[in-house]
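In: Below is the structure, and that's it, no one-letter string:
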C-alpha cells in the first residue's frame, strides 16, 4: 500500500455531513414534487391511459443509471491513472446507486409492459441491455465483497468497471441486430411532447436524488477506509492497548 | 386487471427501493462512524 | 524488446501450460465428460422431437461450450498460484502481455480440443448436417472460441485468486459474453439450416470485430489485474 494514498485518507475526512443532509432533504422535496406534478397535470395517454404515469419514474431512473455508469467509467480510469483511493470509493458508490436505479428501471419496465403488451418481458433491446448492465455491475459489487486487500480491490474494480462500460454499446447493438434478423418489431414508447416537461422535471429530481445517494455513500466509504487505515497503523506501531 | 393496480404496484416498488436504499445508506454511515470511534480508541490506548 | 523474444515468450508460456495439462489429461477428460453430459441433458430437457432439437442445436452447442469451457480458465492460473511462480513470471518488462497471450493460446487450444470431441457428438445426437457447412462451422467455432477464451482468461486472472471462484468467474464473465454468444449462435444456426452464406457471413465479420475489441481490451487491462 503506497503511503501517499493512504495518508490522504487517514487524516480526518472533511465532514461534509451537513451539506449532504441538506442535499437529502432537497432530493426528497424534488422527487415528491416532481411526481406530484406529473401525477396531477398529465392527461391519460391516448394508448396507454394512466399507465403513462409509470414513465415518470422509469425514464428518469434509466437516465440516472446511465449517468451512474459513466461516472463509474471516468472514476475507474482516473483511479488507474492516479492511484488515488478516493476515485475507487467514488466509483463503488456510483455502482451501488447505479444498481438501484437499474433495478428500478427494470422492474418498472416490466410493470409497465404487462398491462400494455400482455407479457412481463419482451427482449426489447434497451431493456435487455439494462438487464445485462444490472448483472455486470452486480458482479462488480460481488468482486469487491470477496476481495479483502484494498489496493487490489481498487485495481480490479477499476478494470471490471471499464470493461463493463465499454461492453454496453456492443451489447445494445448486438441485441438490436439480433431482433431485427428475427423480424421481431417492438413499438418503442414514443414520448408525446405534452409529457416532456414532466419528464424533464422528474429527470432533474432523480438526478438530485442520485447525487445524494452517491455523496452519502462516498462520505461513509471515505470515513470507513480512513478508520481502517488508522486501525492498521495503530496495530503495527503501538501494539495492542485497548 | 385495472391499470391502477399496476400503477400502484409501480409506486410501491419505487418507494420500497428508494426508501430501502436510504436506510441502507444510514446503516453504512453508522458503521463508518463506529469504526472511526474504534480507531480513536485504538490510538489513544497507546 | 524484439518481436522474436516476445513471440518466443508467448509460445513458452503457452507450451508450458499445455504440457502441464497434457501430462495428466485429467482436467481435459473431466471437461469433455461434462460437455457430453450437458449435451445429453439438453437433449432430455428439450424433448425427443428431433425438429425441436435441431432448431435449438446452435444455442445448445454454444452453451455447452460455455459451461464446460469455463472450468478450464481458473485452473490455468492454479499452477502458478500453488507454486508461487506468478511473481517470478512478472519480473521482465512487457511480460504481462506475453503472459496473457500465452495463457490465451493455451486455453484456446484446450477449448478447441474439447469442441473437436463435442461438436461431432452434438451432430449425432441432434441430427445435424455437419459435413456441408464444415468450413464455415469450423471458422465460427474458432472465432467464437477466441472471444470466449480472451475474456475468460482475463477474468480468471482475478477470480482464480479469491474465494467463491467457481461462482464469481461465470458471474463476471457471462454477461460480457452476450455479444459473442449472440453472434456465434446466429452464425452457427444460419450455417446449420443451410441458409445463404449472407447471414452467417455478416455475423462472422461481427464476431471477428468482437474478438479484436475484446482481445485488445484484455491485453491492455491485464497488467492491472495480474500484479500483486
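Out: In hand now; what should we look at? None of the values given here were measured: they were computed from a predicted structure. Numbering: from 1, shown residues only, chains lettered A, B, ... in the order given.
In: Who are the contact partners of the residue nearest the centre of chain B?
Out: In chain B, the centroid-proximal residue (C-alpha atoms, centre = their mean) is residue B:24; its distance is 1.6 Å. If you count contacts by C-beta atoms under 8 Å, 6 or more residues apart in numbering or on different chains, residue B:24 has none. Where C-beta positions appear, they are placed from N, C-alpha and C, glycine not excepted.
In: Look at it and report its pLDDT.
Out: If you check residue B:24, the pLDDT there is 96.
In: now do residue A:59
Out: At residue A:59, pLDDT is 92.
In: Could you check how far it is from residue A:112?
Out: 10 Å (C-beta to C-beta, to the nearest Å).
In: what does chain B put close to chain A?
Out: B:1, B:3-4, B:6-7, B:9-11, B:13-14, B:17-18, B:21-22, B:25, B:28-29, B:31-33, B:35-36, B:38-39, B:41-43, B:45-46 (C-beta under 8 Å from any C-beta of the partner chain).
In: can you do 7 Å?
Out: B:1, B:3-4, B:6-7, B:9-10, B:13-14, B:17, B:21, B:25, B:28-29, B:31-33, B:35-36, B:38-39, B:41-43, B:45-46 (C-beta under 7 Å from any C-beta of the partner chain).
In: From the residues you listed, keep the buried residues only.
Out: Buried by 16 or more other C-beta atoms under 10 Å in any protein chain shown: B:3, B:6-7, B:9-10, B:13-14, B:17, B:21, B:25, B:28-29, B:32, B:35-36, B:38-39, B:42, out of these.
In: Now, those residues that are in helices?
Out: B:3, B:6-7, B:9-10, B:13-14, B:17, B:21, B:25, B:28-29, B:32, B:35-36, B:38-39, B:42 (DSSP state H).
In: mean confidence for the longest helix belonging to chain A?
Out: Looking across chain A with DSSP H, the single longest helix is helix A:196-238. Helix A:196-238 comes out with an average pLDDT of 91.
In: Poorly predicted segments of the chain, please.
Out: Went with chain A since none was named. A:1-16, A:45-48, A:183-193, A:238-242 (pLDDT under 70).
In: that's the wrong chain, I meant chain B
Out: Checking chain B against pLDDT under 70 turns up B:1, B:45-46.
In: what about the helices in chain C?
Out: Using DSSP H, helices in chain C cover C:3-24, C:26-46, C:50-83, C:86-89, C:95-126, C:134-159, C:165-176, C:178-192, C:197-226.
In: I'd like those helices as TSV, with distance to chain A, mean pLDDT and mean neighbour count appended.
Out: Formatted as TSV, the helices of chain C follow (distance: least, C-beta to the nearest C-beta, whole Å; pLDDT from 0 to 100; neighbours: other C-beta atoms under 10 Å in any protein chain shown):
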stretch	distance to chain A	mean pLDDT	mean neighbour count
helix C:3-24	21	82	14
helix C:26-46	19	92	16
helix C:50-83	12	89	19
helix C:86-89	13	70	14
helix C:95-126	12	92	20
helix C:134-159	5	95	23
helix C:165-176	4	94	20
helix C:178-192	4	94	25
helix C:197-226	5	91	18
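In: so which of these comes closest to residue A:151?
Out: helix C:197-226 (11.1 Å; C-beta to C-beta).
In: And the closest one, what does it pack against?
Out: helix A:150-181, helix C:95-126, helix C:134-159, helix C:178-192 (3 or more C-beta pairs under 7 Å, 6 or more residues apart in numbering or on different chains; DSSP states H and E).
In: Before I go, just wanted to say thanks for your time.
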